[in-house]
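Colleague: Here is the input, now give the coordinates:
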Amino acid sequence: MSNADQFGELLEAYALGALDAPERAALEAHLATNCPECTAALAEARWLVSQLAYAAPDAAPSDMLRGRLMQIVRAEAAQETASAAREIRVARAAKPAVPYWMWAAAAALLVVAVYSTWTARKLQEQVYETNQRAIAELNSREKIEEELAAVRREASILADPGSFKIALATSQPDLAPMQANWSPQLGIVLSGRKIQPPAGDRVLQLWLIPKAEGSKPIPSQTVRPDANGNFVLLVATPPGAMEDTKALAVTEEPAGGSPLPTTPPTWVGTTASASPTR
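Modeller: Sure thing, here's the model as predicted:
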């Protein structure tokens, strides 16, 4: 082990003025031998000490050095407390209980700690915002894929030679009719053009009317026409089979739909009048 390694922390403490009398005497005796390694290390340690007031160190001081500094501070504070009030004022006027460079070093360390905390918080915020953008992008992509899948299924139902057209007529002369295309394998596509949207947040709801005597209407999905009165409603999984259904009906219901119709059907189309798509 070299002399610089052996006396490394003692040289740092010596440059800081933090050695007790026996250690300081031993080190100064060694330095009196003009050891080149320790002389160079002491010069570097003193240069580092001179920079403490202007920049925070890259690493925290060692446990040994920190302990020595605390011992010096406690010893000087106890000694000053035991002195007379006048002597305390004189001593403090001549030399502070804690050297100015030590306060500067502590302030520099505090600045580094505050800056590190601020940087870590900003990094956490950036990571959170990045995650939120990624989630939004993923949700948007999934929504687009779902919409594309729905459009493909609607096109398949409309083009399926095994599907049936069901015209839903209305007794109100100011309303346009609707049309349903029902594929036993792929589902139902209900469409309308120039259909007046219901008032407020009310919706149009599709119902399946069973053939069985005394059976209640089976609720299906809801829809609201767009600003032009157009809509296309895909029912990928109808709540009943076509052979068990007597008719399709559309009513006006509260937002979210109803388990049973709350208004008389406005549009009705029987499956008996259904015609093949091709």
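Colleague: Could you report the pLDDT at Ala53?
Modeller: Turning to Ala53, the model gives it a pLDDT of 54.
Colleague: How about the secondary structure of the residue lying farthest from the centre of the chain?
Modeller: Each residue of the chain has a distance to the centre, and by CA atoms, centre = their mean the biggest one is for Thr33: 63.8 Å. Applying DSSP: H, G, I helix; E, B strand; the rest coil to Thr33 yields a three-state assignment of coil.
Colleague: List phi and psi for it.
Modeller: The phi and psi torsions at Thr33 (degrees, to the nearest 10) take the values phi -80, psi 0.
Colleague: could you list every residue that touches the residue nearest to Gln185 when sequence neighbours are not counted?
Modeller: Closest residue to Gln185 apart from its sequence neighbours, by CB to CB, 6 or more residues apart in numbering: Gly162 at 6.9 Å. For every residue, glycine as well, the C-beta is placed using N, CA and C. With contacts taken as CB atoms under 8 Å, 6 or more residues apart in numbering, Gly162 has the following neighbours: Ser183, Pro184, Gln185, Pro276, Thr277.
Colleague: burial count for the last one?
Modeller: Other residues within reach of Thr277, judged by other CB atoms under 10 Å, total 16.
Colleague: Are we agreed that Val49 is in a strand?
Modeller: No - with three-state DSSP as the criterion, Val49 is located in helix rather than a strand.
Colleague: separation between it and Ala107?
Modeller: Here Val49 is placed at a distance of 15 Å from Ala107 (CB to CB, to the nearest Å).
Colleague: which residue packs closest to Val232, ignoring adjacent ones?
Modeller: The spatially closest residue to Val232, leaving aside those adjacent along the chain, is Ser191, at 4.8 Å (CB to CB, 6+ apart).
Colleague: Tell me how many other residues crowd the residue nearest to Gln196 when sequence neighbours are not counted.
Modeller: In this structure, Gln196 finds its nearest non-sequential neighbour in Gly229, 6.2 Å apart by CB to CB, 6+ apart. Other residues near Gly229 number 14, with proximity taken as other CB under 10 Å.
Colleague: For burial, what's the neighbour tally of Ile271?
Modeller: To be clear, residue 271 is Thr; Ile isn't right here. When neighbours are counted by other CB under 10 Å, Thr271 registers 19.
Colleague: quick one: the nearest residue to it once chain neighbours are set aside from Phe231, how far?
Modeller: In space, not counting the residues next to it along the chain, Thr271 is nearest to Thr245; the distance is 5.5 Å by CB to CB, 6+ apart. Counting by CB to CB, the gap between Thr245 and Phe231 amounts to 21 Å.
Colleague: The helix or strand Ala249 falls within packs against which elements?
Modeller: Under the criterion of DSSP states H and E, Ala249 resides in strand 245-253. Taking 3 or more CB pairs under 8 Å, 6 or more residues apart in numbering; DSSP states H and E as the contact definition, the neighbouring helices and strands of strand 245-253 are strand 164-168, strand 187-192, strand 203-210, strand 267-270.
Colleague: Mean pLDDT, distance to Tyr128 and mean neighbour count added to those strands, as TSV?
Modeller: Output for these, formatted as TSV (pLDDT from 0 to 100; distance: least, CB to CB, whole Å; neighbours: other CB atoms under 10 Å):
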stretch	mean pLDDT	distance to Tyr128	mean neighbour count
strand 164-168	94	50	19
strand 187-192	96	41	23
strand 203-210	97	37	22
strand 267-270	95	49	22
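Colleague: For Ala15, which of those strands is the nearest?
Modeller: Shortest distance between Ala15 and the helices and strands packed on strand 245-253, using CB to CB, is found for strand 203-210: 81.4 Å.
Colleague: What is that closest one packed up against?
Modeller: Using 3+ CB pairs under 8 Å, 6+ apart as the test, strand 203-210 ends up in contact with strand 218-223, strand 231-235, strand 245-253.
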